[in-house]
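Colleague: need a 3D model of the sequence below.
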Amino acid sequence: MSKIERPLPIRAYLIHLTHYDPRWCRRKKREKPFDLKLGLEVVDTLADVGFNMLIIDVADAVKYKSHPELKRQYSIPMSSLKKLVKKAKDKGLEVVPKLNFAQSGIHRHNHWFRPHHGLFDTGEYWRYAGQLMDELIAVCRPKRFFHVGMDEDHDRAYTQYADAIKTMHMMLKQRGLRTVIWNDTSAMQWAAGQIHAEKSLYAEQRIPKDVVQVVWNYGGVSDKQIKRLRRRGFEVWVAPGWNSDYVRGWREVALKHGSKGMLMTFWVPCRPYNRSRMIKIINGLGPFYCRGVKGAKYEQVAPPVFDMDKLRRKR
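Modeller: Okay, the predicted model is just below:
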């Protein structure tokens, strides 16, 4: 088996119980709960293709005992999350919970935390964050990682951004877990996105080296970000999206420069009307993420077409 054909150690998929960005927020008032039946089918499909990690975007999609005020019309019982976690682990997938603590009135990634999102890194803000982390850790029982988002953080100053990551790193280290964050330096190669790329660059020089950096880019392939991060001592995963050429290109770059993993993202609600697209994308593109895994079953399909400029602005 050639070097390029080898499977990466981490082959992850991001599933959304819910999500917050400008597109999702426009339909929040009519959003329906996460479909557990489809979620379980997604897990089966991931395992068949060769994925070994499930990252669960939780936000306010579950009913928290510690913070019942976060309950929305689409929030599901914590027992439903337990069923998803159990299924994933039974299928051999490592589970990683995700909450996004980026501060941005534009991108709204932490508006799931309302009414507390406006506390802006006070002691109370982090105390509440820790309580929610603890509930998810108790249910998900993650072995190694907790994803805290931090992409497209528009409102924090550079120092505040780095300090927030260091705060969460300390909190999660006390809980025996490593911090995972998005790294914006690759995707933000457009004028209005430079603020996010520059914040990531600033933070790279100041945060602990055991923070996992997920380099995402759905519109091209570049190796300079991975080379820089690897030189600085970070573990790097790549998230190349759903274009097969980009996925192949990022895979080669990842293997060449010692990246540990690839993360498939597909930013749609886990609802029955999206079933066909979700399953086809996993079956069609999953082998490019999991190449080298024997017995992978897939159906080669064309990925759905997205407006990449809109995704960069409104992801």
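Colleague: what sits against the residue nearest to residue 207 when sequence neighbours are not counted?
Modeller: Distances taken as C-beta to C-beta, 6 or more residues apart in numbering put residue 165 closest to residue 207, at 4.9 Å, once the chain neighbours are dropped. (Glycine included, C-beta is placed from N, CA and C.) For residue 165, the contacting residues are 148, 150, 179, 181, 203, 207, 211, by C-beta atoms under 8 Å, 6 or more residues apart in numbering.
Colleague: again with residue 57
Modeller: 14, 15, 16, 17, 18, 19, 98, 100.
Colleague: for residue 30, give its distance to residue 21.
Modeller: Shown here: residue 30 relative to residue 21, a distance of 16 Å by C-beta to C-beta, to the nearest Å.
Colleague: circling back to that earlier point, A strand includes the residue nearest to residue 207, no?
Modeller: No: with DSSP: H, G, I helix; E, B strand; the rest coil as the criterion, residue 165 is helix rather than part of a strand.
Colleague: most neighbours of all the contacts of residue 165, which one?
Modeller: residue 150 (29 neighbours; other C-beta atoms under 10 Å).
Colleague: tell me the SS of that residue?
Modeller: Residue 150 ends up coil, using three-state DSSP.
Colleague: and the gap between it and residue 139?
Modeller: 22 Å.
Colleague: ok, now residue 226?
Modeller: Residue 226 is 33 Å from residue 139, by C-beta to C-beta.
Colleague: and residue 30 and residue 21? Which one has more around it.
Modeller: residue 21 (20 against 8).
Colleague: how long is stretch 7-18 from one end to the other?
Modeller: 29 Å (C-alpha to C-alpha, to the nearest Å).
Colleague: give me the mean pLDDT for it.
Modeller: Stretch 7-18 shows a mean pLDDT of 96.
Colleague: contact partners for residue 121?
Modeller: Residue 121 touches 103, 156, 160, 163, 164, 167, counting by C-beta under 8 Å, 6+ apart.
Colleague: just the buried ones from these?
Modeller: Listed as buried from those are 103, 156, 163, 164, 167; burial here means 16 or more other C-beta atoms under 10 Å.
Colleague: confirm for me that the last one is in contact with residue 126.
Modeller: What it means is residue 167. Yes: between residue 167 and residue 126 a contact is recorded at 6.0 Å, counting by C-beta atoms under 8 Å.
Colleague: now the strands for the stretch 1-150 of the chain?
Modeller: 10-16, 53-57, 94-98, 145-147 (DSSP state E, counting those that start in this stretch).
Colleague: which residues touch residue 137?
Modeller: Residue 137 touches 97, 146, 175, 177, counting by C-beta under 8 Å, 6+ apart.
Colleague: endpoint to endpoint, stretch 134-149 covers what distance?
Modeller: 17 Å.
Colleague: buried residues in that stretch?
Modeller: So, applying 16+ other C-beta under 10 Å, buried residues of stretch 134-149: 135, 136, 137, 139, 140, 142, 145, 146, 147, 148, 149.
Colleague: ok, now how distant is the second one from residue 87?
Modeller: In other words, residue 136. From residue 136 across to residue 87, the span is 17 Å (C-beta to C-beta).
Colleague: same check on the third one?
Modeller: For residue 137, the distance to residue 87 (C-beta to C-beta) stands at 18 Å.
Colleague: kindly report the same for the last one.
Modeller: Relative to residue 87, residue 149 is positioned 24 Å away (C-beta to C-beta).
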